[in-house]
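> just a sequence and a predicted model for now, questions to come.
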Amino acid sequence: MLHMIEHVFVEQSLVAAFAVVGALMLFSNFAAKRLTAGRVHGSAIAIVLGLVLAYLAGLYTGGKKGVADIPALAGIGLMGGAMLRDFAIVATAFEVDVAEAKRAGLVGVVALGLGTLLPFVIGALTAVAFGYHDAVSITTIGAGAITYIVGPVTGAAIGADSTVMALSIATGVTKAVMVMVGTPLVAKLIGLNNPRSAMAYGGLMGTVSGVAGGLAATDPRLVPYGALTATFHTGIGCLVGPSILFLTVRAIVGG
């Protein structure tokens, strides 16, 4: 029986990859609902579990591709590759309704700008503080502070190694979890109780999963408004990360 299952996983590797990731998401969403009462979004738990499984698989196989080095799970390498990753980013961008986005107004635009630049600067300074002095690594880790998708996309575009890209993902996940947990705690202090403030907050925080999870725990009615502006961060970050931000960092630090 086990041999037959393994044979199916090897022969239909991409289908098996979707099944495994789907099972992981199902477990993560269950854990988010039952163990954290919705304060931590299921996607954040899934990402952390994915990083842990990739590390354990690397120790087990001695390879460099995480769980994709296990023959029965080789399809995850294709599923997590550049083609499907970029397709997912483009598909997310197409979900945005421009007419609805205009409702954010000038506040949303300013929040998007600050929410892209400030996390990048903090992430870049953190990278320097931990001993990274080349422009590629600094930019990649700084981009990870924008969102955990922007980090690896930027790193792949400018030639960062896998270790730095993993750090950028970890930076983005940490930010997402902090936003999820912290939003309900500070909502009253910052007046996060109406659609306009939710749009500004989503633009400043940037992480869709963090903002959606945090607002869901605060007031579910605000989730669409916060997610509306937060959604733009991935697209904006992927555009300016490998271009404007990288060139700026390289002009400052050289190399």
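Now that the structure is in, tell me what you want to look at. All values reported here derive from a predicted model rather than from experimental measurement. Residues are numbered from 1 along each chain as shown.

> contacts only, for the nearest residue to F18 once chain neighbours are set aside.
Spatially, and ignoring its direct neighbours in sequence, F18 is nearest to M79 (6.7 Å; C-beta to C-beta, 6 or more residues apart in numbering). C-beta: built from backbone N, CA, C; applies to glycine. Contacts for M79 (C-beta atoms under 8 Å, 6 or more residues apart in numbering) come out as L14, A17, F18, V21.

> which pLDDT does the model give M79?
Looking at M79, its pLDDT reads 78.

> need the next SSE after the strand or helix carrying T126, C-terminal direction.
Here T126 sits within helix 105-129, counting by DSSP states H and E. For helix 105-129, the succeeding helix or strand toward the C-terminus, using DSSP H and E, is helix 135-144.

> and that following helix, C-alpha only, in PDB?
Taking Å, rounded to 0.1, in the frame of the first residue of the first chain, the C-alpha atoms of helix 135-144 are listed here in PDB:
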ATOM      1  CA  ALA A 135      23.700  45.800  -1.600                       C
ATOM      2  CA  VAL A 136      22.000  42.500  -2.700                       C
ATOM      3  CA  SER A 137      21.600  41.100   0.800                       C
ATOM      4  CA  ILE A 138      20.600  44.400   2.300                       C
ATOM      5  CA  THR A 139      17.900  45.000  -0.400                       C
ATOM      6  CA  THR A 140      16.600  41.500  -0.200                       C
ATOM      7  CA  ILE A 141      16.100  41.500   3.600                       C
ATOM      8  CA  GLY A 142      14.700  45.000   3.500                       C
ATOM      9  CA  ALA A 143      12.300  43.900   0.900                       C
ATOM     10  CA  GLY A 144      11.200  41.000   3.100                       C
END
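
> neighbouring contacts of that helix?
119-124, 126-128, 132, 150-155, 158-160, 164-165, 167-172, 237, 241-242, 245-246, 249-250, 253-255.

> next, the angle helix 105-129 makes with that helix.
140 degrees (axes from the mean of the first three to the mean of the last three C-alpha atoms, to 10 degrees).

> tell me which other helices or strands the helix or strand following helix 135-144 touches.
Going down the chain from helix 135-144, the next helix or strand is helix 150-158, by DSSP H and E. The helices and strands touching helix 150-158, judged by 3 or more C-beta pairs under 8 Å, 6 or more residues apart in numbering; DSSP states H and E, are helix 82-94, helix 135-144, helix 162-186, helix 223-240.

> and helix 150-158, average pLDDT?
Per-residue scores along helix 150-158 average to 89.

> what residue spans form the domains of this structure?
2-80, 96-253 (automatic domain parsing).

> hey, which of those domains is tucked in deepest?
A comparison of these by mean neighbour count, using mean count of other C-beta atoms under 10 Å, puts domain 96-253 on top with a mean of 20.

> now do that domain: distance to the chain's middle.
Computed by C-alpha atoms, centre = their mean, to the nearest Å, the chain-centroid distance of domain 96-253 equals 9 Å.

> so where's the stretch 101-250 of the chain shaky on pLDDT?
101-104 (pLDDT under 70).

> recalculate using a threshold of 90.
101-116, 131, 133, 147-153, 156-157, 159-163, 165-167, 169-241 (pLDDT under 90).

> which of the contacts of M79 sit farthest apart?
Greatest spacing in the contacts of M79, by C-beta to C-beta: L14 and V21 (10.7 Å).
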